[in-house]
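# A structural model of the following input is requested.
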Amino acid sequence: MPAGQLNERMGIEVLSATLEEVRGRMPVAGNLQPYGLLHGGASGVLAETLGSTLAALHALPERFPVGLELACTHHRAVTEGWVTGVARPLHVGRSTSTHEIVLTDDQGRRTCTAKLTCLHRDTSP
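Numbers count the residues shown, from 1 in each chain. So this is what the prediction gives:
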């Protein structure tokens, strides 16, 4: 991951990356909304980071993935600790890929389910 980008500012760490899954985590501290809960947008950033990384593993170097759609369902609030995410492919084609990303809290409870669809472009944007 390049330094100085959003993933670094939010404390996102990619823990492992294979063609089957990408795992990462993000601290809750520093990513809260005004009521003291993990911001839903922060969950979206973690989900898109992990899903985009998985798309890149499948598409690069011949094609360049860009996000088309991200949908997040938030299941439970998180107020402390870490959120861990696992991205797995649902569909990988030549021109698109779709990935499911499941986020859990430190107790292993599902906090968010996300789906990311990426377009695989012939050229970088």
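# Show the residue spans covered by the strands in the chain.
13-17, 22-27, 64-74, 82-92, 96-104, 110-121 (DSSP state E).
# Would you mind listing where this structure has pLDDT under the threshold?
1-2 (pLDDT under 70).
# Contact partners for Cys50?
One thing to correct before we go on: residue 50 is Leu, not Cys. Applying Cβ atoms under 8 Å, 6 or more residues apart in numbering to Leu50 gives the contacts Val14, Val22, Arg23, Gly24, Gly85, Val86, Ala87, His99, Ile101. In this view, the C-beta of every residue, glycine as well, is placed from N, C-alpha and C.
# Now tabulate the strands of the chain in a markdown table and tack on distance to Thr53 and mean neighbour count.
Formatted as a markdown table, these follow (distance: least, Cβ to Cβ, whole Å; neighbours: other Cβ atoms under 10 Å):
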| stretch | distance to Thr53 | mean neighbour count |
| --- | --- | --- |
| strand 13-17 | 6 | 13 |
| strand 22-27 | 5 | 21 |
| strand 64-74 | 9 | 15 |
| strand 82-92 | 7 | 18 |
| strand 96-104 | 9 | 21 |
| strand 110-121 | 10 | 19 |
